[in-house]
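Student: model this:
(chains A and B)
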Amino acid sequence: MTTNSELTTPKGRTIGRGINWKLFMQDNLTGSWMQTITVLFLALVTGFFAYGRYEALPIATLVVLGAWVLGIVAVVIGELFHKHTSLSRWLKENLLNSFSNSLLTLFIALVLVSAINGIWQWGYVNANFNPAETTPEFRSDNGATWGVLWGARKLLMTGWLEPVHSWRVWLSLGFILTMWALTYVTSRPALKEKLRTVRKVLNGFWLLSPVVLYIFFAGVPAGEYNIRGIIIGVCVLVAIYALLWSQKVIPFNWSSIVTTAFAWPLLYTIWWFIGNSGQFSPIDPDKWGGLMLTLIIASSVIVLAFPLGMVLALARRSEVFGIPAWLIWPVAVATTLWGFTTTPELLATSRNLVEQIMSFWPLLILAIAYMIHQVFNGNIVAGAGTTFIELIRSVPLITLLFMGIVMAPFFSGEGVSIPKPWLVIVGYTLFSSAYMAEAIRGGLQAIPKGQYEASDALGFNGSQKMRFIILPQALRIVIPAIVGQFIGAFKSSSLVSIVGLFDFLGINRSIVSNPDWLGLRLELYVFMAVIYFTGSSVMSAYSRKLEAQLGLGDR
Amino acid sequence: MTQTPAAPSPEPQAMPLWRRLLGYIFDVRVLGVLGQIGFILLVVFAVRSISSNFADNAQRLGESQFICRDGSFSYRCAYDFMESESGFDISDTMIDHTNTDPYWRTFYVGVLNTLKVAIFGVILTTLLGTVMGVARLSDNWLISKIALWYVELMRNTPLLIQIFFIYFGVILTAPELNEALQPLGLPLFISRRGLNFPSLQFTSSSAIWIAFLVLGIIQIQVTSVILGRREERTGQPSNRLQTGLIAFMLIAGLGWFVSSAVSDSQGLLVTKASRIRELGDMDKLMLQRTGANHLDDLAAFSEEELDAAAFQICALDDSSSETNLTRQLRKMDIPYRIRRYEVPDKAADNYASGKCEMFVASKTILAAERSTLESPSSHLIISVKEAPIVWSLPAREGLNLVGGGRMRPEFVALLLALVLFYGSNLAEIVRAGILAISKGQNEAARALGLTEGQRLQLIVLPQALRVIIPPGIGVALSLAKDTSLGIAIGFPDMYAVSYTTMNQSGRVLQLFVLIMLMYMLISLAFSVLLNWYNEKIKLVER
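Tutor: Numbering: from 1, shown residues only, chains lettered A, B, ... in the order given. Next up, the predicted model:
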């Protein structure tokens, strides 16, 4: 410990102008015995390490050492004569501000140089870039064989999709890029007001884009024109419209109801027409693979999990009037008593203690009734939402994915076989929606109570309150969390490779078992990491931009 | 817009009875309750239909799923198959396991492996995350940038790729076992067969020593209470902790000698003809054999001469008796050769056939094996004293490494990847926690003259902990769940073991229920533990 009780500056020899040598040493070396030992130890380690690196990489090490010494000289001169250049000031503040930091800087710089040198040697100097030379006789011992990336590009991008269909992948790529470009252009401030109708049409297309992409990727089977389906569809759409209108969330006008009513028949007819024209013949989803499958799974999960998560979050926080206790308990007790009629027989045939305990299963009903009454105040909506979210959150994603694939035949009807990607998407969506719900719930909780009370005072009903007051604010708050979920969905979609899908990560099982590319794992992993890194970084950069646009930080 | 406000309703008394009843029924609360009851009925109905569907399919797809031993079909026999022989080996086990063990034990081995990764993972992640979170805020530009890149790289790439990369790209490119790397000459061996490291072996007398340690801990409490009372009474200050610790060390040291002295459960089986009656006789015998005057003279002997004179000892694989004996022999400079066997009777057979002169094991094993020898009375069991805990150091022996502990490459890869990935998540949380502390606290700490380390340790981290712990719990839970990714590189955790069991037995549903329950249990245990900790350190608000 330094002696802080001294009020006067200790007298020490001063060099230059105003440098107190004694205080300087006290700050850097002799302040406490721990500090002295640390600095000496660091110096020793750095010295030995530098010597070792010098023997391995003389030139680079000398360059680093030289730069370090020059930096120190610059800083020392700047300090002594109070003539800092901008460089020496930066060095002094960021790299060389104390003995230990200077030594650390040298040490880390040397480690960095050797690491970068290793990567450089492997990835470029010793590497072979020729796609034709990927078999073992062309490979160098410590160099990458990047040719595999070009050679296996089809597998990497689309998996086992037949080449006849690749134009559809290009088409969908073009579609998405065009949509993005148009959205970007029309949302420029200069054009924003002028092109309102264009923007509305674009939004409509964005809404439809999942269907369009589905048609591109999965195709449409030919079929009969189904009148009954049209009528049911129209009824459902109009019913939703009526519900929203009765909740006073959307206003009533004739043009919108006519649009709603006619949208379904129109779309169905287009669908049917495409199916019968045979242009987009169905593709077996099990043939999907590579980056395409990863993107399909990730975006489906993102698109599906968001609304589901919102519903779950609202359910968990719902405050509807619960089932009263006088209704819960009689029913529960009656059911329990009825259930106990089976107990004597179960007890009589039980073989061990576990089964004896299990014979008293009706007690579970009482436990559930207790939970509903005591924990959730009889509120089934909140109870169901909470139970679902907590159950899903407590198991790993991979078990849900696997359950989707393995258990589906047990629960589906006979003779029905669903392609693996759909099963995986369902399992993954359930998983993701639970986490999404928690993120959104965080936003809902962050809204001050006054907002709820004010909307109540304005006479808003529950739906209006949510639609116009709470959700717009809550969702804005949780944008970072939601984008985090999106990034997570994108990254974790690689887990489907464990359950046997050939997604971007899973396809490398096929690639490395090909005799041409046998065992070229590292190159593939590096490439995949780069792609995932880019995708995730773009998403998080977009999220930061969105946050800045909405002025989240300014509040 | 047609949203006209509802006309003011007339006074309820003025309404006829039927309208009032209608009003009750269409009350939003009544409707809500009815809706919820409908929801329950819907759920019950859905469960019924799914389970009837399941029953049909269970009959069709795998009737054997619920077959009892007597051949009848019953749901209660769902887990009966778990008692049958598993028939597969597990590469990484913490407890003894063979392929003849039942599925239950196999599952138990898997659960232990999951817990092993999860617990080590959480501990190491905490360390790495804290260091990296602090490094992000370092005033050394280079360090903070490296920490930033570490965090960005780890957070923006999938965990699974990291696991694969570390397993295939780092660990499997390490040298073979016979050329294992030995960093700085330490007894640590890194090879593609994993990491061999020095380990502590608890011998049979360790129980006594641990009892002494417990006694010591109780003593600390008692001393503290007594000294505290005296302090209150007389006002005479005393260093309670120091007194307690010194007494603790005395007790521990005493316990070490006592437990070493009273232990006699380890033994050496020798023939009477060998003229060894106790361990101390071995050096005399060795001197006789070699014709040397002093054991130090053996240094001048050639390799072949030593080999000829060395005691040939039989031992069991991974036994602490062997570590204990060889340690004492090395101390006495007595040359020896060890042969290891998996099962006692093999070792005893070799002892009987004269391949080795001695057989070291626990006394109970030796007594049992001696009785199977031809003339048991001509064989003696002499006691080998042992320390309660012995170091077992890995060492090269031929092409192999013996002794010490070993982490398998799958375990190392999984642990390393999990720690690196979740360390980056935790680093961000730690950074946010530190940044959440008001500037005044830092300035006050500096004004008090605390060093940077003291400021961090005494002022910043204790306060930041309150912000860090709740999201940190989330990281720990995710880590515990993501141990299931071990299946990708063949680490036999609970999920991987269950997966093999599923493939072998065809019982899918039962095992899924089991693993889901186990994961829920683990999550629950973790969150209860960490929430309890959170409650403890939480700022007490007035």
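
Student: can you give me the strands for chain A?
Tutor: Under the criterion DSSP state E, strands of chain A are mapped to A:14-15, A:19-20.

Student: Which of those strands has the lowest mean pLDDT?
Tutor: Set side by side, these give their lowest mean pLDDT on strand A:14-15, at a mean of 48.

Student: Just the pLDDT for the nearest residue to residue B:162 once chain neighbours are set aside.
Tutor: Nearest residue to residue B:162, sequence neighbours excluded (Cβ to Cβ, 6 or more residues apart in numbering or on different chains): residue B:417, at 4.6 Å. Every C-beta, even on glycine, is put in place using the N, C-alpha and C of the backbone. The pLDDT attached to residue B:417 in the predicted structure is 95.

Student: thought residue B:417 was touching residue B:170?
Tutor: No - with contacts defined as Cβ atoms under 8 Å, residue B:417 does not count as touching residue B:170, sitting 9.7 Å away.

Student: More neighbours: those two, which one.
Tutor: Comparing residue B:417 with residue B:170 by neighbour count (other Cβ atoms under 10 Å in any protein chain shown), the higher total belongs to residue B:417, at 26 against 16.

Student: Would you mind checking which helix or strand in chain A has the lowest mean pLDDT?
Tutor: Taking mean pLDDT, DSSP states H and E as the measure, strand A:14-15 is the helix or strand of chain A with the lowest mean score, a mean of 48.

Student: Check the burial of residue B:414 by counting its neighbours.
Tutor: Neighbour count of residue B:414, defined by other Cβ under 10 Å: 27.

Student: and the helix or strand it falls within, what other elements does it pack with?
Tutor: Here residue B:414 sits within helix B:409-435, counting by DSSP states H and E. The helices and strands touching helix B:409-435, judged by 3 or more Cβ pairs under 8 Å, 6 or more residues apart in numbering or on different chains; DSSP states H and E, are helix B:103-136, helix B:141-155, helix B:159-164, strand B:194-197, helix B:461-482.

Student: quick one: which of those is nearest residue A:245?
Tutor: helix B:461-482 (41.1 Å; Cβ to Cβ).

Student: going on from the closest one, what's the next piece of helix or strand?
Tutor: Past helix B:461-482, further along toward the C-terminus, the next helix or strand under DSSP H and E is helix B:494-505.

Student: Determine the set of other helices and strands touching that next one.
Tutor: For helix B:494-505, the packing partners by 3+ Cβ pairs under 8 Å, 6+ apart come out as helix A:397-411, helix B:103-136, helix B:509-537.

Student: can you list the residues of the stretch 351-500 of chain A near chain B?
Tutor: A:351, A:355, A:358, A:379-381, A:384, A:391, A:393-399, A:402-403, A:406-407, A:409-414, A:459, A:487, A:491-492, A:494-495, A:497-498 (Cβ under 8 Å from any Cβ of the partner chain).

Student: Type out the ChimeraX command that picks the buried ones from these.
Tutor: The buried residues among those can be selected in ChimeraX (16 or more other Cβ atoms under 10 Å in any protein chain shown) with this line:
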select /A:379,380,381,384,393,394,395,396,397,398,399,402,403,406,407,409,410,412,487,491,492,494,495,497,498
